[in-house]
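A.B. asks: structural data only, the sequence is not supplied:
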């Protein structure tokens, strides 16, 4: 079993829809959770990060962490064609550096105009 | 602010050859990370360099090696190339510290194809 599981998709939704992207994990010691967005032929860019459980909102994006279920989500409201990308979740132990980041395999999202 | 730059963009090699990939970090960043992104496998951590020293390496064979120069740029060398080495190789840089204080900034990668 992989430490972090992410549905690879592809996921296609119409413009304006609410998108839900999810990851599950097995290591209960993970405390820092991130979402990266990767456009085609580009490197990943950090979209959002959250520490421990709870929600964090940034514009149209909401990151949610449920540590009891070992489940994290990224919600995109009013989705736009420019949101079409691969979304990668990542997580780490809070006291460690980036060499301990564990990434999901990514979900490819397409927003249909 | 210039981002992380990688060269070349594409690299085609034959099995058994050596490949050299280069990375320039964001100005002020001392840490450089190398990742392999193969289809269906996600980002796999390869190497971490900081202040010119190799600090950690992932679960890859010794034919994957590299170095960091005094100006903090880095190169990744892959010897005795195998077909399964075909992947996107991403370089990232960060400041020092724990991950939530020093997020990774990625370059656009080098696409290595081994034939």
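C.D. replies: That came in fine, so what should we check first? Small disclaimer: the values here were computed from a predicted structure and weren't measured. Residues are numbered from 1 along each chain as shown, chains lettered A, B, ... in the order given.

A.B. asks: so residue B:27 sits in a helix?
C.D. replies: No - according to DSSP: H, G, I helix; E, B strand; the rest coil, residue B:27 belongs to no helix; its state is coil.

A.B. asks: next one: phi and psi at it?
C.D. replies: phi -60, psi 130 (degrees, to the nearest 10).

A.B. asks: isn't it right up against residue B:2?
C.D. replies: Yes - applying CB atoms under 8 Å as the test, residue B:27 and residue B:2 come out as touching, 6.9 Å apart. Bear in mind the C-beta positions are built from the backbone N, C-alpha and C, glycine included.

A.B. asks: low-confidence stretches in the chain?
C.D. replies: Since you didn't name a chain, this refers to chain A. Across chain A, the ranges flagged by pLDDT under 70 are A:94-96.

A.B. asks: could you do chain B instead?
C.D. replies: B:1, B:97-101.

A.B. asks: what does it put close to chain A?
C.D. replies: B:4, B:31, B:33, B:40-43, B:45, B:48, B:55-56, B:90, B:92, B:94, B:96-100, B:102-109 (CB under 8 Å from any CB of the partner chain).

A.B. asks: let's see 6 Å
C.D. replies: Counting by CB under 6 Å from any CB of the partner chain, the residues of chain B lying close to chain A are B:42-43, B:48, B:56, B:90, B:94, B:98-100, B:103-104, B:106-109.

A.B. asks: who's in contact with residue B:106?
C.D. replies: Applying CB atoms under 6 Å, 6 or more residues apart in numbering or on different chains, we find residue B:106 in contact with A:43, A:44, B:90, B:92.

A.B. asks: how about a cut-off of 10 Å?
C.D. replies: Shown in contact with residue B:106 (CB atoms under 10 Å, 6 or more residues apart in numbering or on different chains): A:36, A:38, A:42-46, B:3-4, B:6, B:33, B:35, B:37, B:43, B:90-93.

A.B. asks: so for stretch B:49-61, what gets flagged as buried?
C.D. replies: B:49, B:50, B:57, B:60 (16 or more other CB atoms under 10 Å in any protein chain shown).

A.B. asks: the first one against residue B:92, yeah?
C.D. replies: No - in this structure, residue B:49 sits apart from residue B:92 without contact. The criterion is CB atoms under 10 Å, and the distance is 11.1 Å.

A.B. asks: name the residues contacting each of the two.
C.D. replies: With CB under 10 Å, 6+ apart, residue B:49 and residue B:92 have common neighbours B:23, B:25, B:31, B:32, B:33, B:34.

A.B. asks: run through the bridge partners of the fifth one.
C.D. replies: Read that as residue B:33. Counting by DSSP bridges, residue B:33 is bridged to residue B:48, residue B:92.
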